[in-house]
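> Turn this into a structure:
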Amino acid sequence: MHTIDHRQRTPEWHAWRAQGITASEAPIILGRSPYKTPWQLWAERTGLHPPEDLSTNPVVQRGIALEDRVRQGFERRHRTLLMPLCAESSQYPVLRCSLDGLSALGEPVELKVPTVATYEAIRDQGDQATAYRLAWCQLQFQLYVTEATQGWLVFDPCRDGLEALEFCLPRDQSFIQDELVPACLTFWDLIQTGQAPVTDPTRDAYQPSEAERETWTRLAQDYHALKAERQRLESPLKAVQERLRDLETQFVTLMGASRQAEYAGVRVTRYRQSGAVDYAALLADIAPNLEASILERFRKPASERVKVTLHAPATGVDAEPVRASVSTIPSFYF
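Next up is the predicted model:
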């Protein structure tokens, strides 16, 4: 292990991190993160997509503010001292990490300040919890860099009545040697060469291949032109529709209480239409405890919809490719 003299979260530290692969990126690179795909990380690292701004995220800010408190709690419980530091692998310096603490025994200690919900998930699910599994990958990366045989995961919510959850974990050499290090080195090569990793069609935005770009660009230009033409035609049509509604109102006013009228080639019929049944309110009233699984038995098959959004001129290259939205997966910070 080579220690690096950088204070964390300084401009020098950010520049140093950008010159390699870090521990927090490991679960993403391995495809184990439900919050970001390898392609999304690659797009951020190569400048194709702006990285997510966490500077104003209250959960992230709380974690940073309380890190010293969590570190001191571990030191007090274990009667040791933890030294925060930056380090690079002596074998592959491109693999590097910022340690929350390194014990006197040379063991890395990863400190987390989870939300109550995340804390409860770890407490109840143990090593099956998402937060645990992501942090486990991160710690194995740190164990590789520090060449330690074991390390610690600490989840301390810093809330009254909630004790810190601690896990002393051994080094998994087969995982490190066969999966972690090869995957991270390969990913770094992809960053250096600009070659994109394999995308996940359900989570990543489609990117036309070199052979498909000309066709996509032509379709985009045609779509832009037709959308503009439709907008030009809709403006006068909207005015006509508003004028028609005004004339209909005047017909009804002239009719008074009459339900039907016909004169000068125009027939006007007034009628009442029943309102739609509020089935959500109905179910809440007659079956307030109905399980969602029962409702699913009566749901009709899903159908696919297509939404096209014009966010830039129809040029050959997108200045800011869009990440595919995954509305069913929440963001995760701890």
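> Run through who's touching the helix or strand A261 falls within.
Assigned by DSSP states H and E, A261 belongs to strand 260-263. Contacting residues not belonging to strand 260-263 are listed as F251, L254, M255, R267, V268, T269, R270 [C-beta atoms under 8 Å, 6 or more residues apart in numbering]. For every residue, glycine as well, the C-beta is placed using N, CA and C.
> Partner strands of that strand, with direction?
With DSSP bridges as the test, strand 260-263 is paired with strand 266-269 (antiparallel).
> immediately after the partner strand, which helix or strand?
Once strand 266-269 ends, the next helix or strand along the chain (criterion: DSSP H and E) is helix 279-286.
> mean confidence score for the helix or strand where L226 lies?
According to DSSP H and E, L226 maps onto helix 213-255. Averaging pLDDT along helix 213-255 gives 95.
> and that helix, what does it pack onto?
strand 260-263, strand 266-269 (3 or more C-beta pairs under 8 Å, 6 or more residues apart in numbering; DSSP states H and E).
> gap between it and the chain center?
36 Å (C-alpha atoms, centre = their mean, to the nearest Å).
> Nearest the geometric middle of this structure, what residue?
Geometric centre of the chain, nearest residue: Y35, 4.3 Å, by C-alpha atoms, centre = their mean.
> Tell me where the stretch 51-200 of the chain has strands.
Under the criterion DSSP state E, counting those that start in this stretch, strands of the stretch 51-200 of the chain are mapped to 83-88, 95-102, 108-112, 150-155, 165-170.
> Can you name every helix or strand that the longest one contacts?
Read it as strand 95-102. Using 3+ C-beta pairs under 8 Å, 6+ apart as the test, strand 95-102 ends up in contact with helix 11-18, strand 21-22, helix 58-78, strand 83-88, strand 108-112, helix 130-146, helix 181-193.
> would you list these in CSV and tack on mean pLDDT?
Formatted as CSV, the helices and strands packed on strand 95-102 follow (pLDDT from 0 to 100):
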stretch, mean pLDDT
helix 11-18, 96
strand 21-22, 98
helix 58-78, 96
strand 83-88, 97
strand 108-112, 98
helix 130-146, 98
helix 181-193, 99
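> Single out the most deeply packed of the ones you listed.
strand 108-112 (a mean of 26; mean count of other C-beta atoms under 10 Å).
> which residues touch that strand?
63, 67, 70-71, 74, 82, 97, 99-103, 131, 135, 138-139, 142-143, 146, 148, 151-156, 334.
> gap between it and the chain center?
That offset, for strand 108-112, works out to 23 Å (C-alpha atoms, centre = their mean).
> now the angle from that strand to strand 83-88?
Counting by axes from the mean of the first three to the mean of the last three C-alpha atoms, to 10 degrees, strand 108-112 lies at 110 degrees to strand 83-88.
> Parallel or antiparallel, which strands does strand 108-112 pair with?
Strand 108-112 is paired, per DSSP bridges, with strand 95-102 (antiparallel), strand 150-155 (parallel).
> Alpha carbons only: can I get the longest one in PDB?
This file holds the C-alpha atoms of strand 95-102, laid out as PDB (Å, rounded to 0.1, in the frame of the first residue of the first chain):
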ATOM      1  CA  LEU A  95      -6.800   1.200  -7.800                       C
ATOM      2  CA  ARG A  96      -7.100   3.700  -4.900                       C
ATOM      3  CA  CYS A  97      -9.300   4.500  -1.900                       C
ATOM      4  CA  SER A  98     -10.100   7.100   0.700                       C
ATOM      5  CA  LEU A  99     -10.200   5.400   4.000                       C
ATOM      6  CA  ASP A 100     -12.500   6.600   6.700                       C
ATOM      7  CA  GLY A 101     -10.100   5.100   9.200                       C
ATOM      8  CA  LEU A 102      -7.100   2.700   9.400                       C
END
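> Distance from the chain centre to that strand, please.
24 Å.
> out of everything not next to it in sequence, what's closest to V308?
Y223 (6.8 Å; C-beta to C-beta, 6 or more residues apart in numbering).
> That neighbour: how many residues sit nearby?
13 (other C-beta atoms under 10 Å).
> Could you verify my assumption that G126 touches R133?
No. Between G126 and R133 there is no contact under C-beta atoms under 8 Å: 10.3 Å.
> just the CA coordinates of stretch 157-174, formatted as PDB?
The C-alpha trace of stretch 157-174 is given here as PDB (Å, rounded to 0.1, in the frame of the first residue of the first chain):
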ATOM      1  CA  PRO A 157     -27.300   6.400  12.400                       C
ATOM      2  CA  CYS A 158     -26.300   8.700  15.300                       C
ATOM      3  CA  ARG A 159     -29.900   8.500  16.600                       C
ATOM      4  CA  ASP A 160     -31.000   8.100  20.200                       C
ATOM      5  CA  GLY A 161     -31.800   4.500  21.000                       C
ATOM      6  CA  LEU A 162     -30.100   3.100  18.000                       C
ATOM      7  CA  GLU A 163     -26.700   1.400  18.600                       C
ATOM      8  CA  ALA A 164     -24.100   1.200  15.900                       C
ATOM      9  CA  LEU A 165     -24.100  -2.000  13.800                       C
ATOM     10  CA  GLU A 166     -20.600  -3.400  13.400                       C
ATOM     11  CA  PHE A 167     -19.400  -6.200  11.100                       C
ATOM     12  CA  CYS A 168     -15.800  -7.500  11.300                       C
ATOM     13  CA  LEU A 169     -15.300  -9.100   7.900                       C
ATOM     14  CA  PRO A 170     -12.400 -11.300   6.500                       C
ATOM     15  CA  ARG A 171     -10.600 -10.700   3.300                       C
ATOM     16  CA  ASP A 172     -12.200 -12.700   0.400                       C
ATOM     17  CA  GLN A 173      -9.200 -13.400  -1.600                       C
ATOM     18  CA  SER A 174     -10.900 -15.400  -4.300                       C
END
